[in-house]
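I need the structure of the sequence given here:
(chains A, B, C and D)
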Number of protein chains: 2
Amino acid sequence: MSEHYKTEAEFLKAFQANTHDTILYSIDPVIFTIKEQSLQVLMVKRKSYPFKDAWALPGGRIDKGESKTIEDAVRLKLLAKTGLDHAYFEQVMTDGGKEMDPRGWSITTVYFALVRYEDVVLEENQTRELVAWQPVEALNSLSSIAFWHHKLINASLERLRNKITYTDLPANLMPKVFTIRQLRMAYEVILDTEITRQAFVKRANHLIDKGLLVDTGEISDEVGRPAKLYEYVPESTPHVFSHSMNKTK
Amino acid sequence: MSEHYKTEAEFLKAFQANTHDTILYSIDPVIFTIKEQSLQVLMVKRKSYPFKDAWALPGGRIDKGESKTIEDAVRLKLLAKTGLDHAYFEQVMTDGGKEMDPRGWSITTVYFALVRYEDVVLEENQTRELVAWQPVEALNSLSSIAFWHHKLINASLERLRNKITYTDLPANLMPKVFTIRQLRMAYEVILDTEITRQAFVKRANHLIDKGLLVDTGEISDEVGRPAKLYEYVPESTPHVFSHSMNKTK
DNA sequence: GTAATAGTGTCTATTAGACATTATCTT
DNA sequence: AAGATAATGTCTAATAGACACTATTAC
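Here you go, the predicted model:
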């Protein structure tokens, strides 16, 4: 769309000349993973205007020829950015307005996705933008974040934090086999609080009873008493516990 | 946009000639009220193509000059259709695709709103479309519903039904003053199940303790022992109970 | 009084959270 | 044996649901 402008003003002038009287629509996935015991988000460094050189979500326009529905378009974006063709994702919200994009009235639909870190293959995209995992706690110190993407990430994070108090969503972030302790640590990393081990085990037992966590027969070889290794067998929708974890704030 | 075409084919031919390579975006509010002990949705009968003469949600395009954000645009639509400038509303989802609208790739963001029946003043709009409350249980028997609006209504209804099991949302549907019994009946109408009276009173007491239901000092004059009349003083977000009501299905 | 509904209290089941105890591994 | 963590059990508090009982009105 935009290629070699020297300044943003120059770019916008050329863009306005082309502008139809319509709303610009995009999809922005907030792709979460757990890497090195921290919750991280996939971001790209923009190589073109607007917000050249700022960090942004790896979103963009819908290719109408390639997708029949919005969900198709989201799957395509996830595949393009992570190489994954199956990942948990859900719609968070749609936001927009006159001020979101200097090109004019724009709307974006935000999805969050949960991916297993070691399954992701990052590749620079067609425009050779830098793609990198950013720890959520470091987002404030990023020099510049494009559009309203900070707001969109925060909305996704809030949804995720709230939803894991009554669902098994973090299991989607686990390696192929993992211990209950590792799963608990995923909850702790996302919520940034400690969770009582014994209380958590009761929750995990519900998942085992439901067949969502399957004992592999293998045993972890970490420090202390060895723990059973489980595999996650997700259903089409996340498991919902009957009660929320108490918000210990 | 479209005015006097004899057939849909003729209309579409004229429309395609105008089409930019963009996505058509609209907002569709699902406005719920309780009227005559039934949950009803505000619908309009379309006077123009596409889906001429079918019932549709009272949505449409965003007027970019009038609104700075999507929420502004929703407020404007609610005002235009109901005369209300303050109503509870929340975003449900954004849906769309190639097949939703015969004019081409389209996206809509769905909001549900809860309004007090006696406050609404229905007026035929600029294009003199018929505007009417439709009971949700009668939607299946409506001869024709435009676009994917049946799906959008069902999504809103599902959200509403789920959310009232742990929030005070139905209080937004009540008359100015009402009894606990009336509030309970609103829940029953929406969920289409009976709710144990005494269990419900405990929930209501939480709302009274929080100051969300205020005793007016007045007394209802219905049959049986007179009941206290309350007023709803909503906060900016709905009250969330610590536990859901059990799904008694 | 009877009918009808409001309002309150009692009992049980579920579950989270806190915490103690026992079990199983490595060094 | 010491250290570490897993796995299990016990106790308490909160709350929903079921249901009994009392209170207040109209007739």
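
what strand or helix carries the residue nearest the centre of chain A?
Geometric centre of chain A, nearest residue: residue A:31, 2.1 Å, by CA atoms, centre = their mean. Counting by DSSP states H and E, the element that carries residue A:31 is strand A:24-35.

check whether that strand comes near chain B.
Yes. Using CB under 8 Å from any CB of the partner chain, we find that strand A:24-35 touches chain B at A:24, A:25. Placement of C-beta: from N, CA and C, glycine included.

would you mark the buried spots in that strand?
A:24, A:25, A:26, A:27, A:28, A:29, A:30, A:31, A:32, A:33, A:34 (16 or more other CB atoms under 10 Å in any protein chain shown).

can you read off the pLDDT for the second one?
Residue A:25 is assigned a predicted lDDT (pLDDT) of 94.

how near is it to DNA strand D?
Counting by CB to the nearest atom of the strand, to the nearest Å, the separation of residue A:25 from DNA strand D is 41 Å.

name the nearest residue to that residue, sequence neighbours excluded.
Closest residue to residue A:25 apart from its sequence neighbours, by CB to CB, 6 or more residues apart in numbering or on different chains: residue B:23 at 4.7 Å.

one more: the fifth one?
Closest residue in space to residue A:28, ignoring its immediate chain neighbours: residue A:59 at 3.4 Å, by CB to CB, 6+ apart.

let me see the contact set for the one you found.
A:26, A:27, A:28, A:29, A:77, A:108 (CB atoms under 8 Å, 6 or more residues apart in numbering or on different chains).

tell me the domain ranges of chain A?
Domain assignment for chain A by automatic domain parsing gives A:17-163, A:165-232.

tell me how far the longest one lies from the chain's centre.
Between the centre of domain A:17-163 and the centre of its host chain there is 8 Å, according to CA atoms, centre = their mean, to the nearest Å.

do it and DNA strand C meet?
No. Domain A:17-163 stays clear of DNA strand C (CB under 7 Å from any atom of the strand), getting no nearer than 13.9 Å.

buried deepest among the domains of chain A, which one?
Among the domains of chain A, the stretch with the highest mean neighbour count (mean count of other CB atoms under 10 Å in any protein chain shown) is domain A:17-163, at a mean of 18.

which one of the buried residues of strand A:24-35 is nearest to DNA strand D?
Comparing these against DNA strand D with CB to the nearest atom of the strand picks out residue A:34 as the nearest, at 16.8 Å.

picking up where we left off before, my guess is the residue nearest to residue A:25 meets residue B:107, correct?
Yes. Residue B:23 is within contact range of residue B:107, at 5.6 Å (criterion: CB atoms under 8 Å).

common neighbours of these two, please.
Common contacts of residue B:23 and residue B:107 (CB under 8 Å, 6+ apart): A:25, B:96.

other SSEs contacting the lengthiest helix in chain A?
In chain A, assigned by DSSP state H, the helix with the most residues is helix A:149-163. In terms of contacts (3 or more CB pairs under 8 Å, 6 or more residues apart in numbering or on different chains; DSSP states H and E), helix A:149-163 is packed against strand A:24-35, strand A:88-97, strand A:106-114, helix A:180-191.

that one vs strand A:88-97, what angle?
Angle of helix A:149-163 versus strand A:88-97, following axes from the mean of the first three to the mean of the last three CA atoms, to 10 degrees, is 140 degrees.

got the CA coordinates for helix A:149-163 in CSV?
Only the C-alpha atoms of helix A:149-163 are listed here, as CSV (Å, rounded to 0.1, in the frame of the first residue of the first chain):
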residue,chain,number,x,y,z
HIS,A,149,-2.5,-1.1,20.2
HIS,A,150,-1.5,-0.6,23.8
LYS,A,151,-5.2,-0.2,24.6
LEU,A,152,-6.1,-3.3,22.6
ILE,A,153,-3.4,-5.4,24.3
ASN,A,154,-4.6,-4.2,27.7
ALA,A,155,-8.2,-5.2,26.8
SER,A,156,-7.0,-8.6,25.7
LEU,A,157,-4.9,-9.0,28.8
GLU,A,158,-7.8,-8.1,31.0
ARG,A,159,-10.0,-10.6,29.3
LEU,A,160,-7.4,-13.3,29.6
ARG,A,161,-6.7,-12.6,33.3
ASN,A,162,-10.4,-12.5,34.1
LYS,A,163,-11.2,-15.6,32.1
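
let me see the mean pLDDT of that helix.
96.

stretch A:224-240 too?
The model assigns stretch A:224-240 a mean pLDDT of 93.

where does chain A have low pLDDT?
A:1-4, A:8, A:11-21, A:124-127, A:246-249 (pLDDT under 70).

ranges for the helices of it?
A:8-18, A:70-82, A:149-163, A:180-191, A:197-209.

just to check, residue A:94 is in contact with residue A:111?
No. If you go by CB under 8 Å, residue A:94 and residue A:111 don't touch, sitting 10.3 Å apart.

residue in chain A nearest to DNA strand D?
For chain A, CB to the nearest atom of the strand, closest residue to DNA strand D: residue A:224, 2.1 Å.

what residues does chain A have near chain B?
With the criterion set to CB under 8 Å from any CB, chain A comes near chain B through A:20-25, A:62, A:64, A:67-70, A:72, A:91, A:93-99, A:104-105, A:107, A:109, A:242-244.

6 Å - rerun?
A:20, A:22-23, A:25, A:64, A:68-70, A:91, A:93-94, A:96-98, A:105, A:109 (CB under 6 Å from any CB of the partner chain).

which of those residues lies closest to residue B:202?
Distance to residue B:202 across those (CB to CB) is lowest for residue A:93, with 33.1 Å.

ok, the closest residue to residue A:176 other than its chain neighbours - contacts?
Computed as CB to CB, 6+ apart, the closest residue to residue A:176 that is not its neighbour in sequence is residue A:231, at 6.5 Å. Counting by CB atoms under 6 Å, 6 or more residues apart in numbering or on different chains, residue A:231 touches A:177, A:214, A:216.

one more: residue A:57?
Residues in contact with residue A:57 (CB under 6 Å, 6+ apart) are A:28, A:149.

that one and residue B:59, how far apart?
27 Å (CB to CB, to the nearest Å).

stretch A:234-244 near DNA strand D at all?
No. Between stretch A:234-244 and DNA strand D, judged by CB under 7 Å from any atom of the strand, nothing touches; the nearest distance is 9.0 Å.

need the CA coordinates for stretch A:99-113. PDB is fine.
What follows is stretch A:99-113, C-alpha atoms only, in PDB (Å, rounded to 0.1, in the frame of the first residue of the first chain):
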ATOM      1  CA  GLU A  99      -8.600   9.200  15.900                       C
ATOM      2  CA  MET A 100      -7.200   5.700  15.800                       C
ATOM      3  CA  ASP A 101      -5.500   5.900  12.500                       C
ATOM      4  CA  PRO A 102      -4.200   9.100  10.800                       C
ATOM      5  CA  ARG A 103      -5.500   7.800   7.500                       C
ATOM      6  CA  GLY A 104      -9.100   8.300   8.800                       C
ATOM      7  CA  TRP A 105     -12.100   6.600  10.400                       C
ATOM      8  CA  SER A 106     -10.900   3.100  11.200                       C
ATOM      9  CA  ILE A 107     -12.200   0.000  13.000                       C
ATOM     10  CA  THR A 108     -10.400  -3.000  14.200                       C
ATOM     11  CA  THR A 109     -11.500  -6.300  15.600                       C
ATOM     12  CA  VAL A 110      -9.200  -7.700  18.300                       C
ATOM     13  CA  TYR A 111      -8.600 -11.400  18.900                       C
ATOM     14  CA  PHE A 112      -6.400 -13.000  21.400                       C
ATOM     15  CA  ALA A 113      -4.700 -16.200  20.700                       C
END
